[in-house]
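S.K.: What shape does this take:
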Amino acid sequence: MMSDVSATLNELRKNKENIIFEGAQGTLLDVDHGTYPFVTSSNTTAGTVGSGAGFGPKYIDYILGITKAYTTRVGSGAYPTELECEIGKHLAIKGHEVGTVTGRARRTGWLDLVALRRSIDINSITALCLTKIDVLDGLSEIKVCTAYELDGEICDYPPYDSEDYARCKPVYETLSGWSGKTYDVTEYNDLPIAAREYVKFIEDKMGIPVDIISTGPERNQNVIIKNIL
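M.R.: Sure, this is the predicted structure:
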């Protein structure tokens, strides 16, 4: 132990310093709320800041959820929107979808708003950072999963039982793609109209704003809609 981390953090808070906590792994890998048994061994939600760092939850004033403009998964587990077709291969190649630690190829699919809705709720996410929107450049149409169908019923939230989750079928809405590029764009109004409509669609369905749009792999390739610092 190098220091009393909780005391240091709370001293910084009392001095009105900016503190940023970065979560590890994805929400649906959480040992309690994830797609068990295909999960990690710990909690990966925003609430872990309180239990792990000793920083009271009411002192967190902004929670940014980071999600790709499409969905990926490494390894086994339910994946209703997985694309085992040429579009899936296209996303994997263009998005360089390989695990950074394991080197395993990531599975790819359309954006899953059902899973995202669960993530927003259990993390009390304030706003979203939408990454890799440039990977969708050039697609004529883009599908978004807005609900699941399970045994004839429409579900707005994913089931916790892994066998039920594996039987879920995606309910899609189809949006227009764009021929223009989002890559390296840094101003919102310079994005293709259909790309802006895609972002607006996500905001409307999720009920929270998209504050950052990543348009490339470099640190400066972002559209900053709202700067919280």
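
S.K.: Where is the longest helix in the protein?
M.R.: Taking DSSP state H as the assignment, the helix of the chain that covers the most residues is helix 193-206.

S.K.: could you say what helices and strands the helix or strand just after that one packs with?
M.R.: For helix 193-206, the following helix or strand on the C-terminal side (DSSP states H and E) is strand 210-214. Here strand 210-214 touches strand 127-131, helix 193-206, strand 222-224, going by 3 or more C-beta pairs under 8 Å, 6 or more residues apart in numbering; DSSP states H and E. Where you see a C-beta, it was placed from the backbone N, CA and C, and this is true even at glycine.

S.K.: Just checking: what are the partner strands of strand 210-214?
M.R.: Neighbouring strands of strand 210-214 in its sheet, by DSSP bridges, are strand 127-131 (parallel), strand 222-224 (antiparallel).

S.K.: Turn those strands into CSV, columns for distance to R118 and mean pLDDT.
M.R.: CSV is the format used below for these (distance: least, C-beta to C-beta, whole Å; pLDDT from 0 to 100):
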stretch, distance to R118, mean pLDDT
strand 127-131, 14, 98
strand 222-224, 26, 97
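
S.K.: So for A69, which of these sits nearest?
M.R.: For the strands paired with strand 210-214, the distance to A69 is smallest for strand 127-131, at 5.5 Å, taking C-beta to C-beta.

S.K.: about what we covered before: looking at the strands paired with strand 210-214, which is closest to Q25?
M.R.: strand 127-131 (15.5 Å).

S.K.: For that closest one, output the C-alpha coordinates as PDB.
M.R.: Extracted in PDB, the C-alpha atoms of strand 127-131 (Å, rounded to 0.1, in the frame of the first residue of the first chain):
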ATOM      1  CA  ALA A 127     -24.000  10.800 -21.200                       C
ATOM      2  CA  LEU A 128     -22.400   8.700 -23.800                       C
ATOM      3  CA  CYS A 129     -19.200   8.700 -25.800                       C
ATOM      4  CA  LEU A 130     -19.900   7.000 -29.100                       C
ATOM      5  CA  THR A 131     -16.700   5.600 -30.600                       C
END
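
S.K.: No further queries at this time; thank you.
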